[in-house]
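**Student:** Could you work out the structure for the sequence below:
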Amino acid sequence: MNYFSYFSEIEDTFIRRRGKHLMLSPIDWALIESWKERGVPLHVAIRGIEHAFDSYESKKHKRTVKTLLYCQEEVEAQYAEWLESRVGSHDDQNDEAEDRKSAFSKDVVTAHLNSSLDALIRLAAERAIDKDELLEALTRAGNLLTDIREEYASAARPDTRKLEESLSGIDRMLDDAIRNSTSPSEMMTFEPEVDAQVKPYKRHMEKEVFAQTRENLLKKRLREHLGVPRLSLFFLHS
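**Tutor:** Take a look at the predicted model:
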């Protein structure tokens, strides 16, 4: 299981155990992203999903599992056990070496960097008249991504983990700028839309996970509205 297969591996496991093809909902994707952001290892998340379905099948429920949220409690429990088992562990170097093994060819990553840079340049040009924080962030992101792309292209052995860290950092900068550049009236349009999506699941989720899931959905909606691309390599799978 690979660092960059996080989303697709979890999706495949859920669909396989459910027994029928079912597209994941935006809530499910946001939940997966919250696990990723909190550092839940892929194998731990998958083990939690497997255990949740094992328990479900042993109880012979009549209703079918329709959402990944059914597995959330077991994934959280498995993650807590994993954290406890890692106290004093010295496997970090092995984990890092494994993470450097990219699921993508250099051509695929280069194409992603090129298309992302083109989108950032186009958006910056479109917002040139606004001269707001988002324009500044788009310009900075474009400059940084230009350097990152050149470094990646010239590296004999590109370190994909370091690349991902750089791209995720730019994504966070853009998210902050998007939020700060969105007017209160615009936010009043998007927040109720997101709240309506997450409300049915609130009582099934831990407070911290719910807050993170809501925030991820809001970020996603704002980016879609503005057309700002996600730079992280994780989103090549989503």
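
**Student:** Ranking helices and strands of the protein by mean pLDDT, which lands last?
**Tutor:** Least confident helix or strand of the chain, by mean pLDDT, DSSP states H and E, is helix 92-99 with a mean of 46.

**Student:** Tell me the buried residues in whatever helix or strand comes next after that helix?
**Tutor:** Per DSSP states H and E, helix 92-99 leads on to helix 106-126 as the next helix or strand towards the C-terminus. Of the residues in helix 106-126, 109, 112-113, 116-117, 119-121, 123-124 count as buried by neighbour count, 16 or more other Cβ atoms under 10 Å. C-beta here means a position set from N, CA and C on the backbone, and glycine is covered the same way.

**Student:** Need the residues that contact the helix or strand just after helix 106-126.
**Tutor:** Note on helix 106-126: by DSSP H and E, the next helix or strand toward the C-terminus is helix 133-154. Helix 133-154 is contacted by residues 106, 109-110, 113-114, 116-117, 120-121, 123-124, 127-128, 158, 163, 166-167, 170, 173-174, 176-178, 180-181, 226, 228, 231 when judged by Cβ atoms under 8 Å, 6 or more residues apart in numbering.

**Student:** Contacts only, for the residue positioned nearest the centre of the chain.
**Tutor:** Computing the C-alpha centroid of the chain and ranking residues by Cα atoms, centre = their mean puts Glu33 first, at 3.7 Å. When contacts are counted by Cβ under 8 Å, 6+ apart, Glu33 is found next to 7, 216, 234.

**Student:** Correct me if wrong: the first one contacts Phe234.
**Tutor:** Put plainly, it is Phe7. Yes - using Cβ atoms under 8 Å, Phe7 is in contact with Phe234, at 6.1 Å.
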